[in-house]
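# Sequence and predicted structure below; questions after.
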Amino acid sequence: MKRKPIDFPEFQVQPFSLLSRQWLVLTSGDLKTGRYNSMTVAWGSFGVMWNRPFVQVVVRPTRYTFEFMNRCPTFTLCALGKKYREALQILGTRSGRDGNKIAETGLTPIPSTRVEAPGFAEAQLIIELRKMYWDDFKPEQFLNPAIEENYPQKDYHRVFYGEILAIFGTGEFSII
Ligand SMILES: Cc1cc2nc3c(=O)[nH]c(=O)nc-3n(C[C@H](O)[C@H](O)[C@H](O)COP(=O)(O)O)c2cc1C
């Protein structure tokens, strides 16, 4: 996939369709050691905080990726085209604890430029991020009681804010 570096001010993204419809692959760990893991994510946000561009993701403590996200300072987010839907299904329904699901997807991990976690050669968009904040959702602060329905096992998400260090994308992700 042909991607070019995109400066943050030129980055354009449709956050609602990207997250809710296309989904993203979150990867944490270190390509060099071979210890990394990926999972599909569909909840999060893009924004600016403390004058820094960020993407916020949420990871339940039950995910294998949770261990990597706590241990590792950086992570990547990748968007993939329609023909990789099956790969996203695999990454979003199987656990890296139980086998090499990344190999099963056929996706090709590639080195990042600023972080240890890999991106994927097939991605339309690769965002390299460094964690800058985390917190755990506090159920007593859910103002809409319906939110609790997402947590029958009380596995409240941990929120991670990743500062965007680098963006590589196809033309549609750049305003110039
Ligand atoms: C479309 C989709 C979106 C998902 N979004 C999230 C998410 O935002 N946060 C989360 O913790 N799990 C999410 N999941 C579930 C994880 O991707 C799934 O549990 C995965 O198997 C975890 O893999 P792991 O155990 O290797 O980390 C999503 C799954 C799918 C299919």
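Happy to help now that I have it.

# what about the residue in the chain positioned nearest to the ligand, how many neighbours?
When distances are taken as Cβ to the nearest ligand atom, the chain reaches nearest to the ligand at Gly92, 2.7 Å away. The C-beta positions use only the backbone N, C-alpha and C, and glycine is treated the same way. Per other Cβ atoms under 10 Å, the neighbour tally for Gly92 reads 15.

# So for it, what's the nearest residue that isn't a sequence neighbour?
Of all residues beyond its chain neighbours, the one nearest Gly92 is Thr40 (3.0 Å), with distances taken as Cβ to Cβ, 6 or more residues apart in numbering.

# Is the one you found bridged to anything, and to what?
Val25 (DSSP bridges).

# In contact with the residue of the chain closest to the ligand: list those residues for me.
Trp23, Met39, Thr40 (Cβ atoms under 8 Å, 6 or more residues apart in numbering).

# Could you pick out the residues of this protein near the ligand for me?
Residues of the chain that fall close to the ligand, judged by Cβ under 6 Å from any ligand atom: 23, 37, 39-43, 58-60, 63-65, 92-97.

# repeat that with 5 Å
23, 39-43, 59-60, 63-65, 92, 95-96 (Cβ under 5 Å from any ligand atom).

# Filter those down to the buried ones, ChimeraX style.
Selecting only the buried entries of the residues of the chain next to the ligand in ChimeraX, with 16 or more other Cβ atoms under 10 Å as the criterion:
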select :23,39,40,41,59,60,63,64,65,96
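
# Next, work out how far apart the residue nearest in space to the middle of the chain and Asp7 are.
Geometric centre of the chain, nearest residue: Leu26, 2.8 Å, by Cα atoms, centre = their mean. Distance, Leu26 to Asp7, by Cβ to Cβ, to the nearest Å: 23 Å.

# Correct me if wrong: the residue nearest to Gly92 contacts Ser95.
No: if you go by Cβ atoms under 8 Å, Thr40 and Ser95 don't touch, sitting 11.7 Å apart.

# would you turn the contacts of Gly92 into TSV with pLDDT?
Putting the contacts of Gly92 into TSV (pLDDT from 0 to 100) gives the following:
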residue	pLDDT
Trp23	98
Met39	98
Thr40	98
